[in-house]
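Enquirer: The amino acid sequence is not available; the structure is as follows:
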């Protein structure tokens with residue numbers, strides 16, 4: 001009997017998500033910024049701390065992480081880095097689920113974040129209670145959740161995945177004849193299902209940044225830049241993904257800018273990624289994908305407001321005060337670590 005490869009969306013009422021305005025940080029003079037960076041470097045050394053920053057954070061934070069022996073990466077590499085680094089304090093510049101993941105895997109370490117209110121629309125749109133009830137309704141499905149989820153949701157899952165490793169893991173499960181309950185991003189779920197042929201049901205969440213890219217405006221922009229390659233993160237709507245030359249995780253899109261011969265790239269993901277792209281490929285022209293179209297209120301909204309809550313100013317403050325510590329109970333960390341370590345082990349075996 002052939003597999004049912006349709007993707008069925010959960011019929012649930014998602015909670016209202018309050019989206020903050022992008023923070024407007026005070027502009028620092030070059031001298032002020034350098035003094036602040038030196039203060040942070042000193043505090044990191046004294047506290048045996050290391051800074052881990054996501055590609056979507058401000059470029060100054062990314063630079064500081066690398067200058068101090070930390071890490072700038074996607075969420076999979078951030079998780080792996082924290083487990084392998086000897087520092088006793090991890091300072092995570094990103095959004096809350098990234099800090100929680102670091103704490104889950106390193107419960108004995110202190111994990112700090114510049115702002116604990118820096119969350120994620122995917123995380124907020126998948127409350128643990130609602131999600132657990134949905135899983136209970138489908139006990140014969142293997143539960144696979146995206147990293148952009150709370151510790152409680154991870155603890156309810158069988159596998160945790162990032163966009164960089166979702167395809168090989170779902171292919172593995174499909175070949176084993178397992179049916180997949182996917183959460184929380186419906187666009188990534190659709191993309192994964194089409195690529196793997198897995199039998200899937202999925203949660204109806206989405207990322208507020210990637211949801212706003214518009215196919216019609218992207219096609220028009222591409223016509224004006226015929227030499228450009230279109231790079232799309234798979235959290236984007238299906239019709240946007242269909243226009244891509246490269247679909248992939250943040251790391252895959254960065255690699256595409258470095259390796260492809262195109263002189264220009266239209267980038268359909270959070271614009272924070274362009275900092276690393278420009279560093280690695282300084283001769284390439286990077287263009288933000290448009291969000292013009294029905295339902296959009298700005299030409300390019302490609303900025304996560306929660307990622308924007310990280311700054312040099314509040315990073316220095318958290319190191320001075322020790323506030324904004326991530327706390328995950330030992331029991332919850334133990335449960336949530338199982339599906340995360342399953343992903344990390346799978347990734348390690350792939351590298352071998």
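Expert: On my side now, so go ahead. Just so it is clear, the model here is predicted, and its values are computed rather than measured.

Enquirer: Give me the local confidence score for residue 212.
Expert: pLDDT for residue 212: 92.

Enquirer: same deal with residue 230?
Expert: So residue 230 comes in at 98 (pLDDT).

Enquirer: Please list the outside residues in contact with whichever strand or helix holds it.
Expert: Using DSSP states H and E, the element containing residue 230 is strand 228-232. The contact list for strand 228-232 (C-beta atoms under 8 Å, 6 or more residues apart in numbering) reads 213, 218, 222, 240-241, 243-248, 253, 256-257, 260, 262-269, 285, 287, 289. To be clear about C-beta, it is placed using only N, CA and C from the backbone, and glycine gets the same treatment.

Enquirer: at 10 Å what do you get?
Expert: Contacts with strand 228-232, where a contact means C-beta atoms under 10 Å, 6 or more residues apart in numbering, come from 191, 210, 213, 218-219, 221-222, 240-248, 252-254, 256-257, 260-269, 273, 277, 284-287, 289.

Enquirer: now, which of those residues lie within strands?
Expert: 246-247, 264-268, 285-287 (DSSP state E).

Enquirer: which pair in those residues spans the largest distance?
Expert: 247 and 285 (20.6 Å; C-beta to C-beta).

Enquirer: buried sites along stretch 20-28?
Expert: If you call a residue buried by 16 or more other C-beta atoms under 10 Å, then stretch 20-28 has these buried ones: residue 28.

Enquirer: how distant is it from the center of its chain?
Expert: 21 Å (C-alpha atoms, centre = their mean, to the nearest Å).

Enquirer: repeat for stretch 81-93
Expert: Relative to its chain's centre, stretch 81-93 lies at 18 Å (C-alpha atoms, centre = their mean).

Enquirer: Pull out the buried residues from it.
Expert: 81-82, 85, 87, 89-93.

Enquirer: mean confidence for it?
Expert: The model assigns stretch 81-93 a mean pLDDT of 95.

Enquirer: same thing with stretch 135-147?
Expert: When pLDDT is averaged over stretch 135-147, the result is 97.

Enquirer: go on, stretch 253-266?
Expert: 98.

Enquirer: How far off centre is it?
Expert: 20 Å.

Enquirer: Look at residue 17 and report its pLDDT.
Expert: Residue 17 carries a pLDDT value of 85.

Enquirer: what sits against the nearest residue to it once chain neighbours are set aside?
Expert: Counting by C-beta to C-beta, 6 or more residues apart in numbering, residue 124 is the residue found nearest to residue 17 once chain neighbours are left out, at 4.8 Å. By C-beta under 10 Å, 6+ apart, the contact list for residue 124 reads 14-19, 96, 148, 150, 184, 205, 208, 306.

Enquirer: In PyMOL, how would I select the buried members of those residues?
Expert: Applied in PyMOL, the following selects the buried portion of the contacts of residue 124 according to 16+ other C-beta under 10 Å:
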select buried, resi 14+96+148+150+184+205+208+306
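
Enquirer: nearest to residue 139, of the contacts of residue 124?
Expert: Using C-beta to C-beta, the contacts of residue 124 come closest to residue 139 at residue 184, 19.4 Å.

Enquirer: contacting residues for the closest one?
Expert: Applying C-beta under 10 Å, 6+ apart to residue 184 gives the contacts 10, 14, 120-127, 131, 145-146, 148-149, 153, 202-207.
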